[in-house]
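Enquirer: Predicted structure and sequence below. I'll ask about it afterward.
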Amino acid sequence: MTETAYHQIHSGIRGAPSGCPVDHAFSPLSDDYIADPYPIGDAMRESVPVVYAEPLGFVVVSRMDLVTEVFMNPDVYSSANVQDPVFPICDEAAAVLASPDFDPVAVMSNRQEPDHGRIRNYTKLLFSNKRIQTLEPYIRRRAHELIDAMLDTGPPADFVASLAYPLPGEVVFRFIGFPEDDDQQLKDWCANRLAFSWGQPTPDEQVDIAANMLAYWRYVRGFAASKRDRPGDDLASELIGYHLADPDGLTYREVESILYGLSFAGHEPVTLLLGNALMSLLPRRDAWDAVVAEPTLLPKALEEVIRWNSPQIGWRRVTTRDTTLGGVDLPAGTPIYLNLGSANHDPRSFPEPEVFDLHRPDSAKNISFGKGNHYCLGAKFARFEARIVLEVLVERMPTLALAGEQRVDPFPNISFRGPSRLDVTWT
């Protein structure tokens, strides 16, 4: 694959940098960490805020000031590895992705300067308040329709399957311009992307995921071509318009690749955020009743959810040169795992960080969507969509509650966290 390929496939795991403390046990894929990452992250942050995690093959950074330092120095800490598989993939899956026509290029989260800034100047226009707000009627309508179906069926219901999973995907597909008839196929193709880039799928799963990625890329290319011939009022058509107006400023392959990446990145974090919001609010009836009585509290409540039970708890970087972080020397090429969940619970930044505080004054200072020039372009969109859905939910289902004793199992991966199933009930 080329240096600017959307996914780089690596052949192995580097060893610990000389002089770096080593943790022989820590892995964000362990059962204990998946179940509850915060006590483990807290202990690591306070004892070894920069440490090489042997099972992961990354240097783990856990303290807010150090995570911020990494984000704010992109020339030293590159984002080139954020979409890559964590571990080497099997030969059969690599062969699928070696297809000559599978050639998306890095565009946003994993593209470096100066190209990142050039491309971002175009894409940020697509996330204007005006365009985002045009989706509000659709979001509200679909939220009502999905809640109607929950009410008709009766409690209990799986909130993720009933609303949190289908709605964000459909919203981003409408945003891009994909036809509604293709929704189910698109969801099927995107379903396991989380495992490919941030999990540890089995060889058989890797082959299935690779086949879906190839099929989806081919769909995106065909869709982009159709929009070039018959433009409409959607994001894809606008991107193609920017390309036609300035082919050197935004290449056609970059347009295709933006669509390829956005269709996943634009909905998975929102699904997780909605699930985490209910997991945070429903057990605390005073907080839930407060937002039911006063929905204008929802933006502040969401910021505390994003800090306290973040949908994105880890991200990656790789050093471009020899450097020193937190007193630890890191050679060029060192892969780094940023423990965002631990940073969001750093008492140096948030007093009593383990407490979920609906009225916390500084919860918006969380690091969940990154910082600096790679700050998540869709963060505003995610907050906007989640707020609307929760506004409808508190209006329609004010007695919502978690359904009895249940085990909540997040999907095992190193970057994103939220319930894969969440049973709720109501009266």
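Expert: Structure's in. What do you need? Bear in mind that the values here come from a model prediction, so they are computed numbers and not experimental data.
Enquirer: Listing request: residues of the chain with sub-threshold pLDDT.
Expert: Within the chain, the stretches with pLDDT under 70 are 1-3, 9-13, 264-266.
Enquirer: how about the strands of it, start to end?
Expert: Shown for the chain, the strands assigned by DSSP state E span residues 22-23, 50-53, 58-61, 77-78, 157-158, 314-319, 323-325, 328-330, 335-339, 401-402, 423-425.
Enquirer: Can you name every helix or strand that the fourth one contacts?
Expert: In terms of contacts (3 or more C-beta pairs under 8 Å, 6 or more residues apart in numbering; DSSP states H and E), strand 77-78 is packed against strand 314-319. No exception for glycine: its C-beta is placed from N, CA and C like everyone else's.
Enquirer: and the strand it packs on, what other elements does it pack with?
Expert: strand 77-78, strand 335-339, helix 340-344.
Enquirer: Now do it against strand 335-339, angle only.
Expert: If you take axes from the mean of the first three to the mean of the last three C-alpha atoms, to 10 degrees, strand 314-319 sits at 150 degrees to strand 335-339.
Enquirer: With just CA atoms, put strand 314-319 into CSV.
Expert: Provided in CSV are the C-alpha atoms of strand 314-319 (Å, rounded to 0.1, in the frame of the first residue of the first chain):
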residue,chain,number,x,y,z
GLY,A,314,-8.6,5.9,23.2
TRP,A,315,-6.8,7.2,20.2
ARG,A,316,-3.5,6.7,18.5
ARG,A,317,-0.4,8.6,17.4
VAL,A,318,3.1,7.7,16.2
THR,A,319,6.3,9.7,16.7
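Enquirer: Of all the helices and strands packed on strand 314-319, which one is nearest Asp182?
Expert: Among the helices and strands packed on strand 314-319, helix 340-344 comes nearest to Asp182, with 33.1 Å by C-beta to C-beta.
Enquirer: And the residue nearest the centre of the chain?
Expert: Centre of the chain computed as the mean C-alpha position; nearest residue by C-alpha atoms, centre = their mean is Pro269, 4.3 Å away.
Enquirer: so what's it up against?
Expert: 311-312, 378, 382, 416 (C-beta atoms under 8 Å, 6 or more residues apart in numbering).
Enquirer: Which pair of these spans the longest distance?
Expert: The largest separation in the contacts of Pro269, counting by C-beta to C-beta, is between Gly378 and Phe416 at 13.5 Å.
Enquirer: re the thing from before, in helices, which of the contacts of Pro269 appear?
Expert: Among those, the members found in helices (DSSP state H) are Ala382.
Enquirer: Dump the contacts of Pro269 into CSV; add distance to Ala224 and neighbour count as well.
Expert: Below are the contacts of Pro269 laid out as CSV (distance: C-beta to C-beta, whole Å; neighbours: other C-beta atoms under 10 Å):
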residue, distance to Ala224, neighbour count
Pro311, 29, 24
Gln312, 28, 25
Gly378, 20, 22
Ala382, 24, 25
Phe416, 27, 21
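Enquirer: quick check, nearest of the contacts of Pro269 to Glu205?
Expert: Distance to Glu205, by C-beta to C-beta, is smallest for Phe416 among the contacts of Pro269, at 17.0 Å.
Enquirer: For the closest one, give me its contacts.
Expert: Counting by C-beta under 8 Å, 6+ apart, Phe416 has contacts 194, 198, 268-269, 272, 311-313.
Enquirer: report the longest helix in this structure, please.
Expert: The single longest helix within the chain, with elements called by DSSP H, is helix 203-229.
Enquirer: list the buried ones in it?
Expert: 205-210, 212-214, 216-217, 219-221, 223-224, 227-228 (16 or more other C-beta atoms under 10 Å).
Enquirer: Next: stretch 309-329.
Expert: Residues 309-320, 323, 325-326, 328 are the ones in stretch 309-329 that count as buried (16+ other C-beta under 10 Å).
Enquirer: among these, which two are most distant?
Expert: Across the buried residues of stretch 309-329 (C-beta to C-beta), the longest gap, 32.8 Å, separates Asn309 and Thr320.
Enquirer: Count residues in the vicinity of Asp357, would you?
Expert: 16 (other C-beta atoms under 10 Å).
Enquirer: now Pro361
Expert: The tally of other residues near Pro361 (other C-beta under 10 Å) stands at 9.
Enquirer: Can you pull the phi/psi pair for it?
Expert: Dihedral pair for Pro361: phi -70, psi -20, per degrees, to the nearest 10.
Enquirer: Check the gap between Gly222 and Ile132 for me.
Expert: For Gly222, the distance to Ile132 (C-beta to C-beta, to the nearest Å) stands at 27 Å.
Enquirer: Check Asp115 too.
Expert: For Asp115, the distance to Ile132 - C-beta to C-beta - is 25 Å.
Enquirer: And for Pro88?
Expert: 39 Å.
Enquirer: quick one: which of the two has more around it?
Expert: Of the pair Pro88 and Ile132, Ile132 is the one with more neighbours under other C-beta under 10 Å, namely 16 against 13.
Enquirer: If I follow the layout properly, the more buried one ends up in contact with Phe384?
Expert: Yes: under the contact definition of C-beta atoms under 8 Å, Ile132 touches Phe384, with a separation of 5.7 Å.
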